[in-house]
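> pasting the sequence and the predicted model now:
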Amino acid sequence: MSPSLEIHPLAALTPDGRRLFLTRIARLFAYGFLSVVLVLYLRAVGLDDYRVGLLLTLTLVGDIGISLWITTSADRLGRRRMLILGAMLMVFAGVLFASTGDFVWLLIAATIGVISPSGNEVGPFLSIEQAALTETLPGSQRTAVFAWYNLVGSFATALGSLAGGLVCQWTENAGYQGAAIYRPVLYGYSLAGLALVIIFWRLSPKTEATPKELREGPHSLSQRFGLHRSLGTVMRLSGLFALDAFAGGLIVQSVLAYWFTVRFGIEPAALGGIFFGTNLLGGFSALAAARMAKRFGLINTMVFTHLPSNILLMLVPLAPNLPLAIGLLMLRSSISQMDVPTRQSYTMAVVLPEERSAASGVTAVARSLGAAISPVLVTSMVGDPQWSSVPFYLAGALKIVYDLLLYRSFVSLKPPEEVKA
């Protein structure tokens, strides 16, 4: 295959597109930086497993309301303004988490602020950015650009995870103890939020909704979320995505890091190395998804790469030693993210252009809602050797159900570029 096939999507990016790629990198680095040590920090400030799980859940619950309001208001109030607001909420959450161990204040920061316990996207950023990118791309390039968009994000998360572990290892070696070991990571997270504010500020007016789109905007109850003809499709997708996210929330990166610590007693630097590898492999798997989707279609690629990754997930807790557990997790990561750019591309393809921001926002909120319920249910399990394997089995089984339902519901609804083909 010619290298130009890989370079071309990036070469086609506008200056605003390149800025959005840069914000993706900075944001995902920050998410990875924090997620590896977040649970360890909360335990270090004296919270028990239940309260840790409750905080993780509330970070995602808060994200639901914030994301829904920001993404459905962005076209009217300004996309750049809403992105800046989201970045400022990152700064707020990071500073408040680092400043106190009081459970009430942590609850406020978790609910109002933007923090990712999984290392993955939270907040309003992804929905607005995807809609903006889609408007600048032909359908034939959309999946490839989304694959690169996910690749750079996964690579940034991987580097952030590695850096977070190394920073904590350094502070521990320097003589810091308890929660002080992890606070530099929280302040670094806030600095990344400030960087996002600056980059979003430089986006051009071309990223905003046009006056024509605003004049023709929806007014009915169902259209308050920016949806009309595509409402049924988006609601069905949202329900399935919520199921998948609930299952994924059972084994978010923060919980996995805690599981490896409880099960094998490994150091923060080693945790960073593990998640550096898994995120890097996940990113390259997303890039491979673009090629597979061209040949087999978006839905087929989503389902038939996701199924084996879920089986591998269920095998991880059965590993008798650390190297085998890491190997299974790495193998799973090499195929687990192929459904991400294909899912994003499919959602953008099967709705009307004027509904893309809303469709992305509503499906993202559905995923956040599904994921929000999970951490409070599993954190105590992971801390108990008798129950520590249950989240893996439950997550894998539910994800398999999601794959089968998705295929049955949407295999006949093809995106325009596949119909033309």
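Nice, thanks for sending it over.
> shaky segments in the chain?
1-9, 12, 72, 75-76, 118-119, 135-140, 209-227, 354, 379, 420-421 (pLDDT under 70).
> repeat the analysis, applying 50 as the threshold.
Along the chain, segments meeting pLDDT under 50 span 1-7, 213-215, 217-222.
> give the contact list for residue 101.
Counting by C-beta atoms under 8 Å, 6 or more residues apart in numbering, residue 101 touches 45-47, 179. Any C-beta I mention is one placed from the backbone N, CA and C, and that applies to glycine too.
> buried residues of the top helix by length along the chain, list them for me.
The longest helix of the chain (DSSP state H) is helix 139-173. Buried residues in helix 139-173, counting neighbours by 16 or more other C-beta atoms under 10 Å, are found at 142-165, 167-169, 171-172.
> over to stretch 95-103?
Those would be 95-98, 101, 103, for stretch 95-103 by 16+ other C-beta under 10 Å.
> which of these sits closest to residue 368?
residue 97 (19.0 Å; C-beta to C-beta).
> hmm, the closest one is touching residue 108, no?
No - using C-beta atoms under 8 Å, residue 97 is not in contact with residue 108; the gap is 10.3 Å.
> now for residue 86: which residues touch it?
66, 70, 114, 123-125, 196.
> list buried residues within these.
66, 70, 114, 123-125, 196.
> could you list which of those belong to helices?
Among those, the members found in helices (DSSP H) are 66, 70, 125, 196.
> tell me the contacts of the last one?
The reference is to residue 196. 23, 26-27, 83, 86-87, 90.
> what sits against the closest residue to residue 32 other than its chain neighbours?
If the residues on either side of it in the chain are set aside, residue 32 comes closest to residue 160, at 2.9 Å by C-beta to C-beta, 6 or more residues apart in numbering. For residue 160, the contact set (C-beta under 8 Å, 6+ apart) comprises 28-34, 119.
> report the two of those residues separated the most.
Between any two of those (C-beta to C-beta), the greatest distance is 11.0 Å, for 28 and 34.
> hmm, back to that, from the contacts of residue 86, which single one is nearest residue 40?
residue 114 (20.3 Å).
> ok, then the element right after the helix or strand residue 289 falls within?
Element membership for residue 289, per DSSP states H and E: helix 268-296. Later in the chain than helix 268-296, the nearest helix or strand by DSSP H and E is helix 298-315.
> in that following helix, what counts as buried?
Quick answer for helix 298-315 (16+ other C-beta under 10 Å): 298-299, 301-307, 309-310, 312-315.
> try stretch 340-352
Result for stretch 340-352 [16+ other C-beta under 10 Å]: buried residues 340-351.
> tabulate the contacts of residue 86 in TSV, adding columns for distance to residue 245.
Below are those laid out as TSV (distance: C-beta to C-beta, whole Å):
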residue	distance to residue 245
66	16
70	19
114	17
123	14
124	16
125	17
196	23
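> re the thing from before, biggest separation within the ones in helices among the buried ones among the contacts of residue 86, which pair?
66 and 196 (15.0 Å).
> and residue 252, its phi and psi?
phi -60, psi 160 (degrees, to the nearest 10).
> hmm, it is touching residue 31, no?
No - the criterion here is C-beta under 8 Å, and residue 252 misses it with residue 31 at 10.9 Å.
> tell me the angle the helix holding residue 289 makes with helix 139-173.
170 degrees (axes from the mean of the first three to the mean of the last three C-alpha atoms, to 10 degrees).
> quick one: helix 268-296 to chain centroid distance?
13 Å (C-alpha atoms, centre = their mean, to the nearest Å).
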